[in-house]
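>>> here you go, sequence then predicted model.
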Amino acid sequence: MHTERNHDRYFSSELLNWYDVNKRDLPWRRSRDPYHIWVSEIMLQQTRVDTVIPYFHRFIERFPTIEALADAPEDDVLKCWEGLGYYSRARNLQSAARQITEQYGGVMPSGKEEVAGLKGVGPYTAGAIRSIAFNIPAAAVDGNVMRVLSRYFLIEDDIMKIKTRTRMEELVLTLVPEGRASDFTQALMELGALICTPKSPKCLVCPVMEDCAGRLEGKEESLPVKTKAKPPRPEHRLAAIVEGTGVHEGKILIRKRPAAGLLAGMWELPHIEVPSGLSAVSTKGAAELSDVSAVSTKGSAAASDTAYVHSGAVVVPPENAAAVIGLTDGLLAEGIPARPIGHYMDAEHTFSHIQWKMSVYRCVWQEEPESLSGLQAAETAAAYEAGETNDYRWIDAGDMERYAFPNVFIRILTSYFSKRDAAGSR
DNA sequence: CATGCGTGGCT
DNA sequence: TAGCCAAGCAT
């Protein structure tokens, strides 16, 4: 029978022995540069290893040092982060790089207060940087670690509670073997990633299975205890592909999102939310609109079996009329005098907390603008959402590499440009 | 302490 | 397929 003390030593030494043999060869493990460790830890927050690897390589190549990151334009950093999600991570990372450049001469500090004081660095990441990069005995308790510990020590507290994580941090500190903080932190997470997985844990090949209280109680599948997240709330949105005329012929209009909140600082197609009372974005109706949009200008839509109403110059099925009027008015309220000329596609995008159901319309500019000055001067130009965004650009396919877009807009834009260019070359 | 904040892979 | 989930942090 193990005493409490031997119990702990058994766990730590078996875990380390296993890690020495089974650890993966990951890019950030080929370096002890605290900057590399730091970047990898930020990228790995809520994100899978396989997803992170290519981003990590590109990021380090593009911003080789903390100072290079500090000196870069924010748009460049966001572009490098494009598609990775949780974009505040990128903005906070650069903010912290500037912090380190100014306060610590460009050298990552190792002190607890200093590291934890960096923007975007919370309790987990602070512990990870200090233990992994500096081999300091510090707790880095993430989802993996909480899963491993809750099973091994049969801890049935809800891991969504802060208190549970704090308790586990204290527990970890009692387990760190002398002089091996770096390996121990990584070993704990590696076990969670490879063996002690959320579903179907591989107990039979686990190095500490003999003493795992959770497994001995048959509870390995039901641990950790975790309150489940609320499902995302649906949001109907109408997006516009505004096609330029005159000097902007062949280009479409994009705008920059506000500096705070959802997708902060990213570029996007202009779009508005459809009030939830207005069930305007019927997929069926949208498809019908798409079918008739080509003939609508000839005024022959009345020949169709379905009854259509006129909303401005575009012919739409009744259930879409309100939506298209809403889009026209919504764009105008932002100073964009555009007119929908037909449905282009539907797109769904699910965030952690919101599900966008987008209906995308091709639109034409109603004037012959020489520039955006008319747009910006428009008296009706309202603040975009609450963010006061007034940054618009006309872009073509080649310009896409210069702006950072959320994935949903990349999908729409890529589809639009490729389809249009294919049609144009015929 | 609860909520806002992305995305893609898995079952 | 439609949830679930994955190396969290800021507020």
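Thanks, I have the structure now.
>>> gap between A:Glu249 and A:Pro137?
Taking Cβ to Cβ, to the nearest Å as the criterion, A:Glu249 is separated from A:Pro137 by 64 Å. Backbone N, C-alpha and C define where each C-beta goes, glycine included.
>>> which of those two has more residues huddled nearby?
Legend: neighbour count by other Cβ atoms under 10 Å for A:Glu249 and A:Pro137, higher for A:Pro137 (19 against 10).
>>> the more buried one falls within a helix, correct?
No: according to DSSP: H, G, I helix; E, B strand; the rest coil, A:Pro137 belongs to no helix; its state is coil.
>>> surely it meets A:Val172?
No: look at A:Pro137 against A:Val172 with Cβ atoms under 8 Å: they stay out of range, at 9.2 Å.
>>> can you list residues touching both of these two?
The contact sets of A:Pro137 and A:Val172 do not overlap (Cβ atoms under 8 Å, 6 or more residues apart in numbering).
>>> how about residues contacting the strand or helix carrying A:Arg147?
Element membership of A:Arg147, judged by DSSP states H and E, is helix A:143-152. Residues outside helix A:143-152 that contact it (Cβ under 8 Å, 6+ apart): A:11, A:141, A:155-157, A:159, A:164-165, A:168, A:171-172, A:188-189, A:191-193, A:196, A:198, A:201, A:208, A:211-215, A:219-220, A:223-225.
>>> what's the neighbour count on A:Phe56?
Other residues close to A:Phe56 by other Cβ under 10 Å number 19.
>>> which positions within the host helix or strand of it qualify as buried?
According to DSSP H and E, A:Phe56 maps onto helix A:49-62. For helix A:49-62, the neighbour count (16 or more other Cβ atoms under 10 Å) marks A:Val52, A:Tyr55, A:Phe56, A:Phe59, A:Ile60 as buried.
>>> same check on stretch A:76-88?
A:Asp76, A:Val77, A:Leu78, A:Lys79, A:Cys80, A:Trp81, A:Glu82, A:Leu84, A:Gly85, A:Tyr86, A:Tyr87, A:Ser88.
>>> DNA strand B contacts on chain A?
A:46-48, A:50-51, A:83-88, A:160-163, A:199, A:230, A:261-264, A:349-354, A:406-408 (Cβ under 7 Å from any atom of the strand).
>>> how does it look with 6 Å?
A:46-47, A:51, A:83, A:85-88, A:161-163, A:261-263, A:349-353, A:406-408 (Cβ under 6 Å from any atom of the strand).
>>> for the stretch 1-150 of chain A, which residue gets nearest to DNA strand B?
Of all residues in the stretch 1-150 of chain A, the one sitting closest to DNA strand B is A:Gly85 (2.8 Å; Cβ to the nearest atom of the strand).
>>> do I have it right that A:Ala404 meets A:Pro73?
No: with contacts counted by Cβ under 8 Å, A:Ala404 stays clear of A:Pro73, the gap being 11.1 Å.
>>> follow-up on the earlier one: tell me how far the helix holding A:Phe56 lies from the chain's centre.
From the chain centre to the centre of helix A:49-62 is a distance of 15 Å (Cα atoms, centre = their mean, to the nearest Å).
>>> tell me what that helix is packed against?
helix A:34-44, helix A:74-81 (3 or more Cβ pairs under 8 Å, 6 or more residues apart in numbering; DSSP states H and E).
>>> can I get the ones you listed in a markdown table with mean pLDDT and distance to A:Gly106?
Shown next, in a markdown table, are the helices and strands packed on helix A:49-62 (pLDDT from 0 to 100; distance: least, Cβ to Cβ, whole Å):
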| stretch | mean pLDDT | distance to A:Gly106 |
| --- | --- | --- |
| helix A:34-44 | 97 | 9 |
| helix A:74-81 | 97 | 17 |
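>>> ok, which of the ones you listed comes nearest A:Ser110?
Of all the helices and strands packed on helix A:49-62, it is helix A:34-44 that lies closest to A:Ser110, at 7.7 Å by Cβ to Cβ.
>>> hmm, who's touching the closest one?
For helix A:34-44, contacts defined as Cβ under 8 Å, 6+ apart pick out A:26-28, A:31, A:52, A:55-56, A:59-60, A:65-66, A:84, A:89, A:92-93, A:108, A:110, A:120-121, A:125, A:128-129, A:132-134.
>>> shouldn't A:Gln355 be within a strand?
Yes: A:Gln355: assigned to a strand according to three-state DSSP.
>>> check contacts around it.
Counting by Cβ under 8 Å, 6+ apart, A:Gln355 touches A:Pro232, A:Arg233, A:Pro234, A:Glu235, A:Glu348, A:His349.
>>> show me what the last one is bridged to.
Each beta-bridge partner of A:His349 is listed here: A:Trp356, as defined by DSSP bridges.
>>> how about it, what does it touch?
Contact partners of A:His349, counting by Cβ under 8 Å, 6+ apart, are A:Gln355, A:Trp356, A:Met358, A:Pro406, A:Asn407, A:Val408.
>>> need these in a markdown table with distance to A:Tyr104, can you?
Shown next, in a markdown table, are the contacts of A:His349 (distance: Cβ to Cβ, whole Å):
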| residue | distance to A:Tyr104 |
| --- | --- |
| A:Gln355 | 42 |
| A:Trp356 | 41 |
| A:Met358 | 44 |
| A:Pro406 | 33 |
| A:Asn407 | 35 |
| A:Val408 | 38 |
